[in-house]
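K.L.:
3D, please:
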Amino acid sequence: MSFSEENPLLDTLHIPDDWDVYNRFSKAQKKFIVFVVSFAGLLPTLVTGTFVPSIPQIAHDLNSTGAVVSLAVSLSVFANAVGGLVWAAYSSFYGRRPMYLWGMPILCIGSFGVAASMSLKSLLFWRFVQAFGCAGGVSVGAAVIGDIYRAEQRGTALGIFFGASLLGVALSPIIGGTAAHYWSWRSLHFSLGVWGIIEMVLIYLSFPETSHPQSGEIRKLAAPSSHPQSDETRKLKIPFNFVWINPLNSLWLLRSPNIMAVTLANASAMVTDYVLLVPIAYTIGARYHISNEALIGACFLPSGLGNFIASPIAGRLSDTMIAKWKAKRKGIWVPEDRLRAVLVGGLLVPLSVGLSGLVTAYIAGPLGLVLNLLCLFMNGIGVDFVLTPIGSYNVDVLQSRSAEVLAAVTAFRAIILAPVTAAVLPSIEMLGVAGTNGIATVIALFGYGLIVLTIRYGDRMRAWVDVGYTPL
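P.N.:
This is a model prediction of the structure:
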């Protein structure tokens, strides 16, 4: 039997007619799976975020400059985008579990390599390996949750997963800064390698394969057999065959008007996050005379707390919207109903970034600082009210290729955010904080408008280009 990209290994699995693909695991097993993938989903953000506070120490140890060492940050963003596409594409072919078992050793080797680096070239090489190894944490993890939960329950579970992942964005600067100050950057990356080993052992011993046989379709057994069959999925015993899959094929999913619209909305929300957090030392820090690195790192906490609180709420609300509107239509499911949850909290995104710019420019003293921290908290809530329903929507409409569409969205978003990150500080120097935040506000309102249009015309947009949507 031969295998190719068009004839994936997962298609050799067969299941009985009366078997419900979403009832394979008990509630306790599902909760454990969510815990494991959330644990793994933290790694990409920690690998990226903990590096930044260590840049001065690394530059000193390697006799380089901060500007040159910071290239490792851009390199890791690129590795995350490429790695996410690779792991997602192969997870649709070989399954989710092998991607974790292949990726974690690469992360461990890369982390130990970073810790042992004695030159800049060595550091950059191992940073790429490290980031590539954990790059599938978000896209494959979200796909795993899509595999085990129905559409009416999926948003809540994905909310918990995305909340844990985004919490790493807020915690990583504090962890990185504290480790660099009181420990060393080498020990920090050695610890990330140990984390990878623990995660790998946990997955190997207790993490099941969650991919749907026959790409998520319930199929009949290939042929009747005279031998008694168990109630569980039957597997054909086949030798392992490596098949080359073009990971860039996943980007072709973005030709869907629906996927592109929500991807741009996703990116517009993240733009505000970056505008507020990336220059925080030069905006809130400078305006309110905060020079201590630990205190500046603590300013990230309100945003992370908002992410952590809002993500499960937004996920549950999106599930509620699905159930409510499905009942109104007498059992007809429309995937765009999930996006109605964005309308509830999504306006906090432009509101928070606009207010923060005005507060920073015109309100001094403790009151200004408190109001800015409140804006960061509001932004954390608003961003998750955008990202969580959108992530669940992408899984809903392309369940059989959920990991690939999430990786494509992440890669495209990285392409947008890379120049934004580079432009934030020059824009603040030229236009001021209020002007820069005003531009981010307009971008966020544009993204909100795209969500409104997708909700209103989503069925027509899906009819324009068929990328293999989940049957309604």
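K.L.:
average pLDDT across stretch 318-336?
P.N.:
Over the span of stretch 318-336, the pLDDT mean works out to 89.
K.L.:
same deal with stretch 414-429?
P.N.:
Here stretch 414-429 scores 82 as its mean pLDDT.
K.L.:
in it, what's buried?
P.N.:
Buried residues in stretch 414-429, counting neighbours by 16 or more other Cβ atoms under 10 Å, are found at 414, 416-417, 420-421, 424, 427-428. From N, CA and C alone the C-beta is placed, and that goes for glycine too.
K.L.:
show me the residues you listed that map onto strands.
P.N.:
If you go by DSSP state E, those have nothing in strands.
K.L.:
and of the residues you listed, the nearest to Phe125?
P.N.:
Using Cβ to Cβ, Ala414 is the member of the buried residues of stretch 414-429 that sits closest to Phe125, with 20.2 Å.
K.L.:
which one of the buried residues of stretch 414-429 sits closest to Ile313?
P.N.:
Leu417 (25.0 Å).
K.L.:
and Lys121, how many residues sit next to it?
P.N.:
Lys121 is flanked by 10 other residues according to other Cβ atoms under 10 Å.
K.L.:
next one: phi and psi at it?
P.N.:
Its backbone dihedrals place Lys121 at phi -60, psi -40, with angles given as degrees, to the nearest 10.
K.L.:
which one is Arg150 nearest to, not counting chain neighbours?
P.N.:
Counting by Cβ to Cβ, 6 or more residues apart in numbering, the nearest residue to Arg150 once its immediate chain neighbours are dropped is Tyr22, at 5.0 Å.
K.L.:
would you say that neighbour is within a helix?
P.N.:
Yes: residue assignment for Tyr22, taken from DSSP: H, G, I helix; E, B strand; the rest coil, places it within a helix.
K.L.:
I figured it hits Ala151, correct?
P.N.:
No: because the distance of 9.6 Å does not satisfy Cβ atoms under 8 Å, Tyr22 is recorded as not touching Ala151.
K.L.:
those two: which has the busier surroundings?
P.N.:
The residue with the greater number of neighbours, taking Tyr22 and Ala151 and applying other Cβ under 10 Å, is Ala151; the counts read 24 against 14.
K.L.:
give me every residue that touches the residue sitting nearest the centre point of the chain.
P.N.:
Relative to the mean C-alpha position of the chain, the nearest C-alpha, by Cα atoms, centre = their mean, is the one of Val138, at 4.3 Å. The neighbours of Val138, taking Cβ atoms under 8 Å, 6 or more residues apart in numbering as the test, are 41, 44, 84, 165, 406, 410.
K.L.:
just the element for it, please.
P.N.:
helix 136-148 (DSSP states H and E).
K.L.:
which element follows that helix toward the C-terminus?
P.N.:
Beyond helix 136-148 in the direction of the C-terminus, DSSP H and E gives the next helix or strand as helix 151-182.
K.L.:
average model confidence for that next one?
P.N.:
In this model, helix 151-182 has an average pLDDT of 79.
K.L.:
what does stretch 195-204 contact?
P.N.:
By Cβ under 8 Å, 6+ apart, the surrounding residues in contact with stretch 195-204 are 36, 39-40, 43, 97, 100-101, 104-105, 107-108, 111, 133-134.
K.L.:
Pro44 versus Ala79, what's the distance?
P.N.:
Computed as Cβ to Cβ, to the nearest Å, the Ala79 to Pro44 distance reads 10 Å.
K.L.:
neighbour count for the two, which is higher?
P.N.:
With neighbours defined as other Cβ under 10 Å, Ala79 and Pro44 compare such that Pro44 has more, 28 against 24.
K.L.:
measure that one to Asn394 for me?
P.N.:
Between Pro44 and Asn394 the distance, using Cβ to Cβ, works out to 18 Å.
K.L.:
where along the stretch 151-300 of the chain do the helices fall?
P.N.:
Counting by DSSP state H, counting those that start in this stretch, the segments of the stretch 151-300 of the chain that form helices are 151-182, 185-206, 257-277, 284-287, 293-298.
K.L.:
redo the ones you listed as CSV? Include distance to Val353.
P.N.:
As requested, the helices of the stretch 151-300 of the chain are exported to CSV (distance: least, Cβ to Cβ, whole Å):
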stretch, distance to Val353
helix 151-182, 16
helix 185-206, 31
helix 257-277, 4
helix 284-287, 13
helix 293-298, 19
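K.L.:
give me the phi and psi for the closest residue to Asn80 other than its chain neighbours.
P.N.:
Counting by Cβ to Cβ, 6+ apart, Asn80 lies nearest to Ala135, which is 4.6 Å off, once chain neighbours are set aside. Dihedral angles of Ala135 (phi, psi; degrees, to the nearest 10) stand at phi -60, psi -20.
K.L.:
check Ala135 and give its pLDDT.
P.N.:
The per-residue pLDDT reported for Ala135 equals 88.
K.L.:
correct me if wrong: it contacts Tyr100.
P.N.:
No: using Cβ under 8 Å as the test, Ala135 is too far from Tyr100 to be in contact (11.7 Å).
K.L.:
report the set of residues contacting both of Ala79 and Pro44.
P.N.:
131, 135.
K.L.:
quick one: low-confidence parts of the stretch 1-150 of the chain?
P.N.:
Within the stretch 1-150 of the chain, the set of residues satisfying pLDDT under 70 comprises 1-20, 66-67.
K.L.:
which residues of the protein fall in strands?
P.N.:
Residue ranges of the strands in the chain, as given by DSSP E, are 13-14, 234-235.
K.L.:
ok so, going back, the residue nearest to Asn80: how many residues sit nearby?
P.N.:
Residues near Ala135, counting by other Cβ under 10 Å, number 30.
K.L.:
for it, give its distance to Ala170.
P.N.:
Between Ala135 and Ala170 the distance, using Cβ to Cβ, works out to 20 Å.
K.L.:
again, but for Glu404
P.N.:
Taking Cβ to Cβ as the measure, Glu404 and Ala170 are separated by 28 Å.
K.L.:
more neighbours: those two, which one.
P.N.:
Of the pair Glu404 and Ala170, Glu404 is the one with more neighbours under other Cβ under 10 Å, namely 29 against 25.
K.L.:
quick one, phi/psi of Val465?
P.N.:
Per degrees, to the nearest 10, the residue geometry at Val465, taken as phi and psi, is phi -130, psi 120.
K.L.:
gap between it and Gln57?
P.N.:
The separation that Val465 has from Gln57, given Cβ to Cβ, amounts to 49 Å.
K.L.:
neighbour count: those two, which is higher?
P.N.:
Legend: neighbour count by other Cβ under 10 Å for Val465 and Gln57, higher for Gln57 (18 against 14).
K.L.:
tell me the contacts of that one?
P.N.:
180, 184-185.
K.L.:
redo that, cut-off 7 Å
P.N.:
In this structure, Gln57 makes contact with 180, 185, judged by Cβ atoms under 7 Å, 6 or more residues apart in numbering.
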